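Student: below are the sequence and a predicted model; questions follow.
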Amino acid sequence: MKRFLFFAYRDWAINIFKNVQNTDDDYILMTNKELCTVEFIESIKPDIIFFYGWSWMIKEEIVNNYLCMCLHPSKLPIYRGGSPIQNQIMVGEKESAVSIFKMGTGMDDGPIYYQEDISLKGYLDDILKRIETIGIYGTLKLIEDCKTDSIEFKEQDHSKATYCKRLKPNNSEIKPEDFIIYDAEYIYNKVRGLQKPYPECYIKCKKGKIILKNIDYEL
């Protein structure tokens with residue numbers, strides 16, 4: 001029997017966990033970052049640790065001593081870093097990928113186990129559903145390969161790596177000058193990419209009133 005430990009934060013990541021379990025193995029889900037410790041993981045002794053939809057740094061001692069796998073929604077090695085889906089949508093990318101890779105001490109630079117293309121058409125919830133569906137398939141494949149000791153990796157081409165920065169809530173503001181600087185497609189992409197569960201786009205008006213997508217305004 002194999003033991004698989006999942007650290008998941010986003011809903012799509014938790015849904016992947018729920019859809020890959022079977023009765024032959026032991027599956028553990030953790031959503032509390034405070035339990036991502038060397039001591040806790042040593043008590044579990046997992047065969048694989050999955051970090052899906054996880055926003056916090058992992059200690060080197062964990063990465064160096066366990067097989068740690070991450071799902072990153074970009075066609076690695078491009079768009080390493082934070083908020084990859086939103087950054088890709090906002091710059092007008094039409095296609096991306098789901099990449100499952102072995103974690104190391106660098107940022108999203110570990111060897112790739114699985115990579116499958118996805119479309120970036122539609123709104124964020126449509127795209128997250130595609131990530132979830134493909135993530136389930138890739139994770140099930142990884143689990144089966146783990147059972148037969150047949151996991152294979154492919155090194156990333158680091159010479160082609162690009163990086164993006166994690167977006168902050170104030171990046172969701174659409175300013176009056178944006179309508180002069182950017183074209184309509186950029187504004188459209190920003191609105192469809194910055195949606196719940198992430199900070200939604202907003203316009204700040206007179207007297208501090210804020211126009212949001214789903215309500216008239218809030219103070």
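Tutor: Yep, that arrived.
Student: got the phi/psi numbers for residue 4?
Tutor: Main-chain dihedrals, residue 4, degrees, to the nearest 10: phi -120, psi 120.
Student: likewise for residue 96?
Tutor: phi -140, psi -150.
Student: from residue 166, how far out is it?
Tutor: Using C-beta to C-beta, to the nearest Å, residue 96 is found at 17 Å from residue 166. To be clear about C-beta, it is placed using only N, CA and C from the backbone, and glycine gets the same treatment.
Student: quick one: buried residues of the longest helix seen in the chain?
Tutor: For the chain, the helix with the greatest residue count under DSSP state H is helix 124-147. Counting neighbours by 16 or more other C-beta atoms under 10 Å, one finds that the buried residues in helix 124-147 are 124, 127-128, 130-136, 138-139, 142-143, 146.
Student: now, which of these sits nearest residue 114?
Tutor: Ranked by distance to residue 114 (C-beta to C-beta), the buried residues of helix 124-147 are led by residue 138 at 4.0 Å.
Student: what's near enough to touch the closest one?
Tutor: Residue 138 makes contact with 71, 98, 100, 113-114, 116, according to C-beta atoms under 8 Å, 6 or more residues apart in numbering.
Student: distance to residue 183 added to these, as TSV?
Tutor: As requested, the contacts of residue 138 are arranged in TSV below (distance: C-beta to C-beta, whole Å):
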residue	distance to residue 183
71	32
98	29
100	35
113	38
114	36
116	31
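Student: kindly reformat the residues you listed as CSV containing distance to residue 61 and pLDDT.
Tutor: Shown next, in CSV, are those (distance: C-beta to C-beta, whole Å; pLDDT from 0 to 100):
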residue, distance to residue 61, pLDDT
71, 22, 97
98, 28, 98
100, 22, 98
113, 22, 98
114, 26, 98
116, 31, 98
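Student: tell me which of those is nearest to residue 83?
Tutor: residue 71 (14.7 Å).
Student: quick one, phi psi at the nearest residue to the closest one once chain neighbours are set aside?
Tutor: The shortest distance from residue 71 to any non-neighbouring residue, by C-beta to C-beta, 6 or more residues apart in numbering, is to residue 52 (4.7 Å). The phi/psi pair for residue 52 (degrees, to the nearest 10) reads phi -120, psi 130.
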